[in-house]
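*Asks:* Dropping a prediction and its sequence here:
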Amino acid sequence: MTTFTPSSPAEVLSTIQWATAEESPLEILGHGSKRGIGRPLQTEHWLDLSKLTGVTLYEAVSGRGEAFKSGGRVVKNVTGYDLSKLMAGSWGTLAALTDVTFKVLPAAETEVTLAIRGLLDDAAVAAMALALGSSAEVSSAAHLPERI
């Protein structure tokens, strides 16, 4: 069992290109915290990405050893592949993400949860519409009718 521990995206690219040329599967590891989930992978080599630290931009290496970009540094830019949806649930079997950009927002200064009980359906819909149409940033609204 060989463990490759690259310290740059270029080293990840060359490692995956080597594995592709050799037709030798790699198990991609971060810190290995989720390795116990699912069935064990049948690989001869590990690609340990734990040395890649710091967030710079969103580039990934595909399972065929091809470097590609998803969008740009501006988070609103949606050109390219939507990797977040593609990678969710793949557990690192589709690609190795070497650089990821996150959109972060400051936490709200105040937060309020409002629950109004006993409204009929029409009144509940009107209350939710009023809240959602206000200047407040409503994160969610729900109406749970009384049990019969």
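*Replies:* That came through fine. All of these numbers come straight from a predicted model, not from anything done at the bench.
*Asks:* rest of the way, CA atoms for contacts and neighbours
*Replies:* OK.
*Asks:* tell me which element the residue most central in space within the chain falls in.
*Replies:* In the chain, the residue lying closest to the centroid (C-alpha atoms, centre = their mean) is residue 84, at 4.7 Å. For residue 84, the host element (DSSP states H and E) is helix 83-87.
*Asks:* mean confidence for that helix?
*Replies:* Mean pLDDT, helix 83-87: 71.
*Asks:* Check stretch 48-66 too.
*Replies:* Stretch 48-66 carries an average pLDDT of 73.
*Asks:* Distance check, the residue nearest to the centre of the chain against residue 90.
*Replies:* 10 Å (C-alpha to C-alpha, to the nearest Å).
*Asks:* And residue 115, by the same measure?
*Replies:* As for residue 115, its distance to residue 90 is 38 Å (criterion: C-alpha to C-alpha).
*Asks:* can you check residue 64 too?
*Replies:* Using C-alpha to C-alpha, we find residue 64 at a distance of 15 Å from residue 90.
*Asks:* again with residue 47
*Replies:* According to C-alpha to C-alpha, residue 47 stands 16 Å off from residue 90.
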